[in-house]
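Asker: My questions concern the predicted model and sequence given below.
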Amino acid sequence: MEKNSRVQDCFYGKCLVVKNSCKKGTLVEKYEGLVVPWEQVCVEEICHAIWIKEEHWMIIDTNARYINHSCNPNCIIDDDLNVVTIRPVTAGEELTISYDIVKKGENPGNWDPRWNFKCECGSKNCRGRIDKYVNEDGTPWSPQPTIYPKIPLIH
């Protein structure tokens, strides 16, 4: 399958853009790469590592590593690590995801302060600074405590 995306230079570095207009639900890229524990992610790759599950992180080696953040993204990463559009995207438009959103039930661990940056996405709901995980509604994320079933006491 030929991907409908290409890397190009942007005023802030490199970015990924869609080659041809596409509708909502279009697969435009895939996250693939080496999966390692967080401790094995080298400093140079910290910006290109994504949390997979538990202690597993992927160092991205596809063009997906050039997908930038937006507080109003046009793509999401699905459970199979595909980058999928969440609205129609026009030819030449930059593909974006939200770096800091945590889906319900996920626990990505601690936010690494080396990921902090001033957001300049320009969307009307821009958070201004990306420096922590947030829930899908934009509220601050915190891990949910484990709920253990109540066991009746035996007297």
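Answerer: Sure thing, it's come through.

Asker: pLDDT averaged over stretch 4-18 - what is it?
Answerer: Taken as a whole, stretch 4-18 has a mean pLDDT of 90.

Asker: start to end distance for that stretch?
Answerer: One end of stretch 4-18 sits 6 Å from the other (Cα to Cα, to the nearest Å).

Asker: Which positions in that stretch come out as buried?
Answerer: For stretch 4-18, a neighbour-count test (16 or more other Cβ atoms under 10 Å) marks Asn4, Ser5, Cys15, Leu16, Val17, Val18 as buried. The C-beta positions use only the backbone N, C-alpha and C, and glycine is treated the same way.

Asker: Can you lay out the residues you listed as CSV showing distance to Val36 and secondary structure?
Answerer: Shown next, in CSV, are these (distance: Cβ to Cβ, whole Å; DSSP: H, G, I helix; E, B strand; the rest coil):
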residue, distance to Val36, secondary structure
Asn4, 29, coil
Ser5, 25, strand
Cys15, 26, strand
Leu16, 23, strand
Val17, 29, strand
Val18, 30, strand
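
Asker: low-scoring stretches of this protein, by residue?
Answerer: By pLDDT under 70, the weakly predicted segments of the chain are 1, 145-155.

Asker: Grab the two from the buried residues of stretch 4-18 that are most spread out in space.
Answerer: Across those, the longest distance by Cβ to Cβ is 14.9 Å; it joins Asn4 and Cys15.

Asker: Good, wrapping up.
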